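Visitor: model this:
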Amino acid sequence: MTATRFILAAMVLGSAISVNQASAQCSGNAGSCNTTNTASVSVNALVKLGMSSATTTLTSPTADQVEVGANLADAGPSFTVKANRSWTLNIKTTNASNWTYVGSNGGTKPISDLTWSNAVAGSYVGISSTDALFLSGASATNGAAAQAFFKTVWAAGFTQPSNAPGTYSLPVVFTLSAP
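Guide: A predicted model of the protein is given here:
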C-alpha cells in the first residue's frame, strides 16, 4: 500500500514538472527554436498639477473703499497642467459658509465674497464649497498654462461684520482629474 502511494505521488510530481517544463521548452530540427513572451503594461490616466504658490495675499481695503463698497482684484496662483488624456481642473473651498476669522471684533465674511475667474477680464463667480469647473482640456497636454484671478468683495459700511478688523483666510482647493 505504501509502495502504491509512493509510485502515485511520483507520477503526479513527474506530470507537474513536465507540464511546467513543456511551457518553456522548444524543439526544432533546423537548428533553431523560437518561443514568444508577451510583455504588457496598463497605463492609467495620469495627471500632474504644478502651482506657483501655496498662498495668495489679497489686497486689504482702504477706508474709502469700505465706505462705498469695493471689489478688489488680485492675481492668484498660476498652474501648469500635464495629463495623458482629456482633463478638468476644478475649484472650491473647504469652508462651508464663511472665511476663517482671527480677531476679537466678531468678523464674519461669507465665502462668496471671494470671486474667481480664469481670465483677468473674465466673468467672476463667487467661490462655493462644491466643485466648479475652472478649466478643462479636450486632449493630452505636456504643460497647459492656467492662471487664477480673484476679486474680493467688500461690503459698503464700516459696521458690516465682513469689514471688522482681523485676519480673514479661505482655503482654495484646485483639483485636477482625468475622468
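Visitor: Please, where are all the helices along this structure?
Guide: 2-24, 63-68 (DSSP state H).
Visitor: count of neighbours near the closest residue in space to A145 that isn't next to it in sequence?
Guide: Spatially, and ignoring its direct neighbours in sequence, A145 is nearest to T80 (6.3 Å; Cβ to Cβ, 6 or more residues apart in numbering). In short, each C-beta sits where N, CA and C put it, glycine included. Counted by other Cβ atoms under 10 Å, the residues lying close to T80 total 15.
Visitor: next one: K82
Guide: 16.
Visitor: Beta-bridge partners for it, please?
Guide: When assigned by DSSP bridges, K82 has beta-bridge partners K48.
Visitor: Test my guess that it contacts G137.
Guide: No. With contacts counted by Cβ atoms under 8 Å, K82 stays clear of G137, the gap being 10.2 Å.
Visitor: Which neighbours do the two have in common?
Guide: Common contact partners of K82 and G137 (Cβ atoms under 8 Å, 6 or more residues apart in numbering): A144.
Visitor: S129 is in contact with A96, correct?
Guide: Yes. The pair A96 and S129 passes the contact test of Cβ under 8 Å, sitting 5.5 Å apart.
Visitor: Quick check: neighbours shared by those two?
Guide: Common neighbours of A96 and S129 (Cβ under 8 Å, 6+ apart) are I111.
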